[in-house]
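K.L.:
structural data only, the sequence is not supplied:
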């Protein structure tokens, strides 16, 4: 194989693809990247057998072919080259690279042992604005369960219904749900209910750009999903099993309702956390005439009390939460004001952005 | 004790002082910070028994006294408070803090067990511009030896002579020397030769600001040194022993001389490093008609060659270096052009900034 392309295009592609590459001692070829000529482009691919990714890089093909070489070494090398034309030539398991005043040989391997990345038919698919998808995935992926014991909650649930899309995640202590109605195309999709691994979602978030005009296409097959983002294709397996049905645990009405300033709430929680005991317990005391008092105490460290003013409605209440869960929820809601809805000290609290019905975040209280 | 001061002043002081605090399991009070009223100011101190530091914070004293409390907790707490007046009151081993809508109690201890920080007489001292001192210390401290086996090279050597100051460091593979002539005051100092621990220097660098007008005063006693930087005093023990006498190993003349572009040299070394074997060996081949060829090769990875043009004088030469040492040297020299002087493949190479006689950096070659 022989081809020429610009350093900056190669750099972009390698840095996207290389992130998938992990250390795999039983199958060392997985730490390689596959370079192959594909029509008039250079296709750069990597896989860890769960996720496969390909990037098409423009350039000039002088001789068709393919080769595979260590991903980290090639990426670091290309990253440090000047932004000039780079000439690649692969033969006899050596990849020769010339660029300006550099002449390099990288020990490589034949591509015949490189695992195939599945091809997904683009028959059933949805098109979504990149920025909307990126923000939506960010709002749920953080609270997926990290444990392998319950694989069905180690990913995010994607459900389609009435031409809208619901994303949800839970770690059984909290739950987040995001609804997306702004879908561009919705082809051959009936009621779909799948679970996408959290790691796949994190990779997709990394690749998605925050450009308003750009769209991503998501194609579905029985046990696979493909995200097509401009000149990138990411294919992932899905998680088998059934995501817990959660709609009945979301409270519809609240005995106590608060509207709080987000920044102030974040600061007060942060300070309270410094004095909370090992179980991360902080105590909220809602007193309608005064505000929200946040109390934390630890026999070793001391104690802290703060009072947060806000718009309060309903009954007085005392309830305890894990401060990390509140902090996470507040980091995922971007509106200047936050709605907090409560019922009693043993049912979940609900956080929502004020003025945005598309997102809901539930947190189980700590029972004392 | 009882005093009031502004959050931003406290925050600044605590963040400077707190860095000295380490975990000390045999003497837990060392993880505390000492707060004491001192005339009309609040003095904040910490020590690890090798370095002691105090910061004077302006405020209003309502009742004299002192108390000591956990450094990290107090610092994190103050960092997160709003920039308002903070009221401190210490009694019965509790430090009560009030600020805006926060009320806090921190479990504290009596100051009577807090170790004394030595007081240094300001009789023998030098005054130096902060920015010059900071840059000079940065140019030598990085190459002090990390090993405890030779304590005399685990710090930097400070020698005064003819109203100038020489700083030097070595790890026995390389050596850096910086001469400072711009001294403001030079009081009661004759030929001084001391060794300052590298950690002390790193703390001083952290505190020094890059303001052109500000001066630092360095006072000397038999086995102690004090840096006075505006409202901060840092006292440190010195290292006993004698720094190796190095002047005779610095070559005065060179058979081969090169003037190289710094940025290009850095890039070429970086790329060469990717293909160097485990001992970090890279090979320089100086060919007068062509330039500096940098070659690295590893049986596993492959090989790289690059050619760097420059101003070359003298004999052709081949020599090998540890690329990390060249990279470090180039990171410590800021001029756009670098002088590289060589004699043969077994004597040290010399790197110097072009147009600045105050700095010299020696590196031993790798013998093949």
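P.N.:
Yep, that arrived. Note that the structure is a prediction, hence the values are computed from the model and not measured.

K.L.:
what's the domain layout of chain A?
P.N.:
Domain assignment for chain A, taken from automatic domain parsing, gives A:2-113, A:125-237, A:251-363.

K.L.:
quick one: closest of those domains to residue B:169.
P.N.:
Using Cβ to Cβ as the criterion, the shortest distance between residue B:169 and the domains of chain A is 28.8 Å, found for domain A:2-113. For the C-beta atoms, the positions are set from N, CA and C on the backbone; glycine is no exception.

K.L.:
quick one: the helices in chain A?
P.N.:
A:7-17, A:71-80, A:130-141, A:198-207, A:262-274, A:323-332 (DSSP state H).

K.L.:
among those, which comes closest to residue B:342?
P.N.:
Between the helices of chain A, helix A:71-80 lies closest to residue B:342; by Cβ to Cβ that is 25.1 Å.

K.L.:
in that closest one, what counts as buried?
P.N.:
By 16 or more other Cβ atoms under 10 Å in any protein chain shown, the buried positions in helix A:71-80 come out as A:71, A:73, A:74, A:75, A:76, A:77, A:78, A:79, A:80.

K.L.:
stretch A:306-314 now?
P.N.:
Buried positions in stretch A:306-314, judged by neighbour count with 16+ other Cβ under 10 Å: A:306, A:307, A:308, A:310, A:312, A:314.

K.L.:
residues making contact with it?
P.N.:
With contact meaning Cβ atoms under 8 Å, 6 or more residues apart in numbering or on different chains, stretch A:306-314 is reached by A:254-261, A:264-265, A:268, A:271-272, A:286, A:288, A:290-294, B:101-103.

K.L.:
between the two ends of that stretch, how far is it?
P.N.:
Distance across stretch A:306-314, first residue to last, is 21 Å (Cα to Cα, to the nearest Å).

K.L.:
over to stretch A:148-166?
P.N.:
From its first residue to its last, stretch A:148-166 covers 24 Å (Cα to Cα).

K.L.:
and for stretch A:149-164?
P.N.:
When the end residues of stretch A:149-164 are compared by Cα to Cα, they are separated by 31 Å.

K.L.:
for the residue located most distally from the centre of chain A, give its distance to residue A:307.
P.N.:
Using Cα atoms, centre = their mean, the residue of chain A lying farthest from its centre is residue A:289. It sits 41.3 Å away. As judged by Cβ to Cβ, to the nearest Å, residue A:289 and residue A:307 stand 12 Å apart.

K.L.:
partners of residue A:305 in the sheet?
P.N.:
residue A:295, residue B:103 (DSSP bridges).

K.L.:
count of residues packed around it?
P.N.:
Residues contacting residue A:305 under the criterion other Cβ atoms under 10 Å in any protein chain shown number 19.

K.L.:
check contacts around it.
P.N.:
A:293, A:294, A:295, B:102, B:103, B:104.

K.L.:
is the last one in contact with residue B:77, as I believe?
P.N.:
Yes: counting by Cβ atoms under 8 Å, residue B:104 sits close enough to residue B:77 to count as a contact (6.8 Å).

K.L.:
joint contacts of these two?
P.N.:
For the pair residue B:104 and residue B:77, residues contacting each of them under the criterion Cβ under 8 Å, 6+ apart are A:271, A:304, B:97.

K.L.:
quick check: closest non-adjacent residue to the first one.
P.N.:
Distances taken as Cβ to Cβ, 6 or more residues apart in numbering or on different chains place residue B:80 nearest to residue A:271, at 5.0 Å, with adjacent residues excluded.

K.L.:
wait, isn't the one you found in contact with residue A:267?
P.N.:
Yes: proximity of residue B:80 to residue A:267 meets the contact threshold set by Cβ under 8 Å, at 6.3 Å.

K.L.:
common neighbours of those two, please.
P.N.:
Overlap of the contact sets of residue B:80 and residue A:267 (by Cβ under 8 Å, 6+ apart) is empty.

K.L.:
residues from chain A in reach of chain B?
P.N.:
Along chain A, the residues adjacent to chain B under the rule Cβ under 8 Å from any Cβ of the partner chain are A:70, A:73, A:76-77, A:80-82, A:94-95, A:101-107, A:267, A:270-271, A:274-275, A:300-308.

K.L.:
now which of these would you call buried?
P.N.:
For these, a neighbour count by 16+ other Cβ under 10 Å gives the buried set as A:70, A:73, A:76-77, A:80-81, A:95, A:101-102, A:104-107, A:267, A:270-271, A:274-275, A:301-308.

K.L.:
pLDDT score for residue A:289?
P.N.:
Note for residue A:289: predicted pLDDT of 85.

K.L.:
torsion angles phi and psi at it?
P.N.:
Listed backbone geometry of residue A:289 is phi -80, psi -20, with angles given as degrees, to the nearest 10.

K.L.:
separation between residue A:145 and residue A:200?
P.N.:
15 Å.

K.L.:
okay, these two: which has more neighbours?
P.N.:
For residue A:145 versus residue A:200, neighbours defined as other Cβ under 10 Å are more numerous around residue A:200 (22 against 18).

K.L.:
so residue A:2 bridges to which residues?
P.N.:
With DSSP bridges as the criterion, residue A:2 is bridged to residue A:63, residue A:89.

K.L.:
for it, give me its contacts.
P.N.:
Neighbours of residue A:2 in contact, by Cβ under 8 Å, 6+ apart: A:61, A:62, A:63, A:65, A:87, A:88, A:89, A:90.

K.L.:
residue A:332: which of those is nearest?
P.N.:
Nearest member of these to residue A:332, counting by Cβ to Cβ, is residue A:88, at 43.1 Å.

K.L.:
can you pull the contacts of that closest one?
P.N.:
Residue A:88 sits next to A:1, A:2, A:3, A:4, A:5, A:35, A:42, A:95, A:96, A:97 when contact means Cβ under 8 Å, 6+ apart.

K.L.:
so which of these is the most crowded?
P.N.:
Of all the contacts of residue A:88, residue A:35 has the most neighbours under the rule other Cβ under 10 Å, reaching 26 neighbours.

K.L.:
pLDDT score assigned to the closest residue to that one other than its chain neighbours?
P.N.:
With Cβ to Cβ, 6+ apart as the criterion, residue A:35 has its nearest non-adjacent residue at 5.5 Å, and that residue is residue A:67. For residue A:67, the pLDDT comes out at 97.

K.L.:
would you check that residue A:67 makes contact with residue A:90?
P.N.:
Yes: at 3.7 Å, residue A:67 and residue A:90 qualify as touching, with contact defined as Cβ under 8 Å.

K.L.:
anything in contact with each of the two?
P.N.:
Contacts common to residue A:67 and residue A:90, judged by Cβ under 8 Å, 6+ apart, are A:1, A:35, A:108.

K.L.:
ok, back up a step: for the buried ones among the contacts of stretch A:306-314, write the corresponding PyMOL selection.
P.N.:
A single PyMOL command selects the buried members of these (16+ other Cβ under 10 Å):
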select buried, (chain A and resi 254+256+257+258+260+261+264+265+268+271+272+286+291+292+293+294) or (chain B and resi 101+102)
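
K.L.:
what sits against residue A:8?
P.N.:
By Cβ under 8 Å, 6+ apart, the contact list for residue A:8 reads residue A:83.

K.L.:
who's residue A:53 bridged to?
P.N.:
Note on residue A:53: beta-bridge partners residue A:46, residue A:234, judged by DSSP bridges.
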